[in-house]
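[1] Pasted the sequence and its predicted model underneath.
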Amino acid sequence: MSTLQLGLIGVGGIATGRHIPAFQTLENVEITAVFDVNQERATRVAKQFQIPHVAKTLENLFEFVDAVVICTPNVYHQEMAVRALEAGKHVLCEKPMAITTVACLEMEAAAKESGAVLQIGYHYRFGKEAQAAKRLIASGEIGDPLVIRAEGLRRRKVPGWGVFTNKSLQGGGCLMDYGCHLLDLALWLNDFPEVEEVYGQTYEKLSRDADQVNEWGVYDPATIDVEDHATAYIRLKNGATMLFETSWAANIRSDKESLSISGTKGGIDVYPLSLNKASNGMLTTSEAQWLDGEGDPGLAQARNFAASCLGHEESLVKASEGRVVTSIIEQIYADTKKT
Ligand SMILES: NC(=O)c1ccc[n+]([C@@H]2O[C@H](COP(=O)([O-])OP(=O)(O)OC[C@H]3O[C@@H](n4cnc5c(N)ncnc54)[C@H](O)[C@@H]3O)[C@@H](O)[C@H]2O)c1
């Protein structure tokens, strides 16, 4: 196979905003079909992007493709992925992998059985800063990790579109939607050390305020049933600990996306990238003048998925790693005390 025939399952925001444009720039990929329960939307998207087939069912979609990208609400990820894998199709599944660890294990088992690729959409790993941080860590610049700080904080950005505020469809709020990226990136940079214990707490007060102030559109404060802020303390078996926080709604001065690792020989800040050292009577902070790599992480992700389906590369985001992220999120929910 030299060209990968690709189909999209669910053609809402992320499919039309990221995946379809990215895959359509690749010479070795042809998007041949789309499927969405909203057939009118599927037809409109197919026309807009000149995709030849609008499938009536999932099985109908499988007739036209070698691989699928799953872009449905989170609760459907597991079922869609298992059905696609059982049909022998490669799968790029949007994050989070699934909403429970058990569901992730079922997806992994289906992938093992079929031998097809199962990649998870943790595209932060493909960013230039993340890639450079990974190279710095691999070359021993920071020694062993001690303290990891991961923060994905938004002051008032509860998604006012789609089903993001609906627990039965998404499984959770800011943790499932945003925090999972930072958790994944922090663990990947540290080669996925085993997790020893997780303490966590979620909050759901600010987004319930009827006097809504929100930068990302309008949602119903009476029906939102997911968390808007979460914290966690994660002890890793390699001796390091992670301080983690994520929010859609928090009374902070400004949004913040940051990830730092303090190690035995040095430290790294990922956004913006710096290498922090203390030696020879100096505290030094090195910043990159230029970073190698693809500027669009969504495009780099698409390229890696296509290459792994075609047997040219290994998938950068393994399903077993997506499962660890979901299991930490599950443990944060389980540890949460009702306030
Ligand atoms: N990687 C990222 O940064 C990122 C960003 C946004 C969304 N996402 C993920 O992408 C997924 C979709 O998010 P979105 O923002 O595109 O949502 P969306 O609501 O815009 O689109 C979802 C689409 O799925 C369709 N759908 C719903 N149930 C379906 C079913 N059973 N079968 C087929 N189609 C179905 C809907 O009709 C809709 O068109 C979610 O898992 C979300 O977490 C990832």
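    Perfect, I can see it now.

[2] For stretch 65-78, give the mean pLDDT please.
    Average pLDDT, stretch 65-78: 98.

[3] CA atoms only for it - export them in PDB, please.
    The C-alpha trace of stretch 65-78 is given here as PDB (Å, rounded to 0.1, in the frame of the first residue of the first chain):
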ATOM      1  CA  VAL A  65     -10.900   3.200   4.000                       C
ATOM      2  CA  ASP A  66      -7.700   1.600   5.400                       C
ATOM      3  CA  ALA A  67      -7.700   3.900   8.400                       C
ATOM      4  CA  VAL A  68     -10.000   6.100  10.500                       C
ATOM      5  CA  VAL A  69      -9.800   9.200  12.700                       C
ATOM      6  CA  ILE A  70     -12.200   9.100  15.500                       C
ATOM      7  CA  CYS A  71     -13.500  12.600  16.400                       C
ATOM      8  CA  THR A  72     -16.800  11.800  18.200                       C
ATOM      9  CA  PRO A  73     -17.600  12.700  21.800                       C
ATOM     10  CA  ASN A  74     -15.300  10.800  24.300                       C
ATOM     11  CA  VAL A  75     -17.900   8.300  25.400                       C
ATOM     12  CA  TYR A  76     -18.000   6.700  21.900                       C
ATOM     13  CA  HIS A  77     -14.200   6.400  21.400                       C
ATOM     14  CA  GLN A  78     -13.900   2.900  22.700                       C
END
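
[4] from the chain's centre, how far out does that stretch sit?
    When C-alpha coordinates are averaged (Cα atoms, centre = their mean, to the nearest Å), stretch 65-78 and its chain have centres 14 Å apart.

[5] Renumber starting at 12 from here on
    Let's use 12 as the start, then, which means that last one is stretch 76-89.

[6] Would you tell me which residues of the stretch 162-311 of the chain are close to the ligand?
    Selection of the stretch 162-311 of the chain residues close to the ligand by Cβ under 6 Å from any ligand atom yields 173, 174, 188. (Glycine included, C-beta is placed from N, CA and C.)

[7] How about the secondary structure of the second one?
    Using DSSP: H, G, I helix; E, B strand; the rest coil, the structure places residue 174 in coil.

[8] cool, residue 61 as well?
    coil.

[9] Now do the same contact list for the residue of the chain found nearest the ligand.
    The ligand sits closest to residue 23 of the chain, with a gap of 1.9 Å, by Cβ to the nearest ligand atom. By Cβ atoms under 8 Å, 6 or more residues apart in numbering, the contact list for residue 23 reads 47, 52, 82, 173.

[10] change it to 10 Å
    47, 49, 52, 56, 82, 83, 84, 172, 173, 174 (Cβ atoms under 10 Å, 6 or more residues apart in numbering).

[11] per-residue confidence at it?
    Per-residue confidence (pLDDT) for residue 23: 97.

[12] follow-up on the earlier one: now, which of the contacts of residue 23 sits nearest residue 121?
    Nearest to residue 121 among the contacts of residue 23: residue 83, at 16.6 Å, using Cβ to Cβ.

[13] got a list of what the closest one touches?
    Going by Cβ under 10 Å, 6+ apart, the list of residues near residue 83 reads 19-23, 25-26, 46-48, 90-91, 104-105, 174, 180.

[14] Now go through those residues and say which are in helices.
    Assigned to helices by DSSP state H, the following of the contacts of residue 83 qualify: 25, 90, 91, 180.

[15] With neighbour count as added columns, please give these in JSON lines.
    JSON lines is the format used below for the ones in helices among the contacts of residue 83 (neighbours: other Cβ atoms under 10 Å):
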{"residue": "25", "neighbour count": "19"}
{"residue": "90", "neighbour count": "16"}
{"residue": "91", "neighbour count": "20"}
{"residue": "180", "neighbour count": "16"}
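
[16] how is the protein carved up into domains?
    15-133+308-325, 139-304 (automatic domain parsing).

[17] and of those, who's closest to residue 332?
    domain 139-304 (5.6 Å).

[18] What is the helix or strand where residue 142 lies packed up against?
    Residue 142 belongs to helix 139-149 when assigned by DSSP states H and E. Contact analysis of helix 139-149 by 3 or more Cβ pairs under 10 Å, 6 or more residues apart in numbering; DSSP states H and E lists helix 191-200, strand 267-274, strand 278-280, strand 285-290, helix 308-320 as its packing neighbours.

[19] continuing past the fourth one, what's the next helix or strand?
    Later in the chain than strand 285-290, the nearest helix or strand by DSSP H and E is strand 293-298.

[20] Please export the alpha-carbon coordinates of that following strand; CSV is fine.
    The C-alpha coordinates for strand 293-298 follow below in CSV (Å, rounded to 0.1, in the frame of the first residue of the first chain):
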residue,chain,number,x,y,z
MET,A,293,26.5,30.9,37.6
LEU,A,294,22.8,30.4,37.2
THR,A,295,22.3,30.1,33.5
THR,A,296,19.1,30.0,31.4
SER,A,297,19.6,29.0,27.8
GLU,A,298,16.9,29.8,25.3
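
[21] could you give me the average pLDDT of it?
    98.

[22] now swap in stretch 202-214 and tell me
    The model assigns stretch 202-214 a mean pLDDT of 98.
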